[in-house]
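*Asks:* Need a 3D model of the sequence below.
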Amino acid sequence: MMKVVGVKINERGKVYYYDDNDLNLKINLTVIVSTERGLQFGTVVDILDESVDNKYDKVVRIATKKDYLQHMKNLEDEKKALQVCKTLIEKNNLNMNVIDANYNFDKSQLLFRFLSDERVDFRQLAKELGAKLRTRIELRQIGVRDKAKEIGGLGPCGRFLCCSTFLTSFDTVSINMAKIQGLALNPTKINGVCGRLLCCLNYENEQYVEARVGIPDVGKKVKINNQEGRVISSDPLAGKYKVLVDDEIIVVDKNDSKK
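*Replies:* Numbers count the residues shown, from 1 in each chain. Down below sits the predicted model:
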């Protein structure tokens, strides 16, 4: 069995897990790891309490002073590459907004991420970038959620954005989640700073789905005390709903066997 550590390649990125390779790694120690983009400089942010049997790639090595200096130079070169990319985008009159540039550790690959409202033919741009920067170029279109994650900010709850603090991936969020939770379908209330539905609609959705079992939808006709009425509101978490029978409002508890 092996010890497993969680490594972050960048501050707001996903945590990747590796075999610690018997290096006795500790939190905040910097390391070199192998990824699908080649070697990367990362920071240990998690150590699993128990040994595990699953197969993980091994941490290549603990980062040396030379590695750290190389990493810092890469960060400076990324800024220069970003400016080159912006200049070429303007020259080629492309409708795209480049967000950042990211070298892998040995600079054999350079990734540019960009925003655009449409599909962009960036083949000529990639060719020119490769010629100027002399490395393999990858251009990746991202969404507005990713942009909000990078910029950060405050949500309507007054706390820092979930996406820029602890979320490492985006789950699907649907308008039906807002309906299930009885929220007003007002874009200013249920949309985040990115303009998309709030990620936090996901957090309690499962509980609301479970709580709504046995509670009829608003507007549905039901029978109460042998009289027909119409559901006018519901409180799933309390297990209750209100029914209008003639001119009388009756509160019904779904857990009340006498209802």
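*Asks:* which residues in the stretch 101-250 of the chain form strands?
*Replies:* With DSSP state E, counting those that start in this stretch, the ranges of strands along the stretch 101-250 of the chain come out as 109-115, 136-141, 221-224, 227-235, 240-245, 248-253.
*Asks:* Adding mean neighbour count, mean pLDDT and distance to Arg37, write those out as a markdown table.
*Replies:* The C-beta positions use only the backbone N, C-alpha and C, and glycine is treated the same way. Shown next, in a markdown table, are the strands of the stretch 101-250 of the chain (neighbours: other Cβ atoms under 10 Å; pLDDT from 0 to 100; distance: least, Cβ to Cβ, whole Å):
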| stretch | mean neighbour count | mean pLDDT | distance to Arg37 |
| --- | --- | --- | --- |
| strand 109-115 | 19 | 93 | 6 |
| strand 136-141 | 16 | 94 | 8 |
| strand 221-224 | 13 | 88 | 58 |
| strand 227-235 | 15 | 89 | 50 |
| strand 240-245 | 18 | 91 | 53 |
| strand 248-253 | 14 | 88 | 57 |
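*Asks:* would you list those strands in JSON lines and tack on distance to Lys3?
*Replies:* Shown next, in JSON lines, are the strands of the stretch 101-250 of the chain (distance: least, Cβ to Cβ, whole Å):
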{"stretch": "strand 109-115", "distance to Lys3": "30"}
{"stretch": "strand 136-141", "distance to Lys3": "33"}
{"stretch": "strand 221-224", "distance to Lys3": "58"}
{"stretch": "strand 227-235", "distance to Lys3": "49"}
{"stretch": "strand 240-245", "distance to Lys3": "51"}
{"stretch": "strand 248-253", "distance to Lys3": "52"}
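*Asks:* right, so of those, which gets closest to Asp121?
*Replies:* strand 136-141 (10.6 Å; Cβ to Cβ).
*Asks:* The strands of the stretch 101-250 of the chain: which one's closest to Asn102?
*Replies:* Nearest to Asn102, of the strands of the stretch 101-250 of the chain and by Cβ to Cβ, is strand 109-115 at 4.7 Å.
*Asks:* Parallel or antiparallel, list what pairs with the closest one.
*Replies:* Sheet pairing of strand 109-115 (DSSP bridges) gives strand 97-103 (antiparallel), strand 136-141 (parallel).
*Asks:* Mind putting the ones you listed into CSV with distance to Thr64?
*Replies:* Formatted as CSV, those follow (distance: least, Cβ to Cβ, whole Å):
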stretch, distance to Thr64
strand 97-103, 18
strand 136-141, 25
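*Asks:* Asp217: which of these is closest?
*Replies:* strand 136-141 (39.1 Å).
*Asks:* Near Leu88, how many other residues are there?
*Replies:* With neighbours defined by other Cβ atoms under 10 Å, the count for Leu88 comes to 19.
*Asks:* In the protein, what helix or strand scores lowest on average pLDDT?
*Replies:* Every helix and strand of the chain was ranked by mean pLDDT, DSSP states H and E. The lowest is helix 144-151, at a mean of 80.
*Asks:* Which residues does it contact?
*Replies:* Applying Cβ atoms under 8 Å, 6 or more residues apart in numbering, the contact partners of helix 144-151 are 12, 99-100, 113, 115, 161, 163-164, 167, 170, 192-196, 199.
*Asks:* And the helices in the stretch 1-150 of the chain, which stretches?
*Replies:* 65-91, 123-133, 144-151 (DSSP state H, counting those that start in this stretch).
*Asks:* Pick the most buried one from these.
*Replies:* Mean neighbour counts were taken over those using mean count of other Cβ atoms under 10 Å, and the top value, a mean of 17, falls to helix 144-151.
*Asks:* between that helix and strand 97-103, what angle do the directions make?
*Replies:* Helix 144-151 and strand 97-103 are oriented at 60 degrees to each other (axes from the mean of the first three to the mean of the last three Cα atoms, to 10 degrees).
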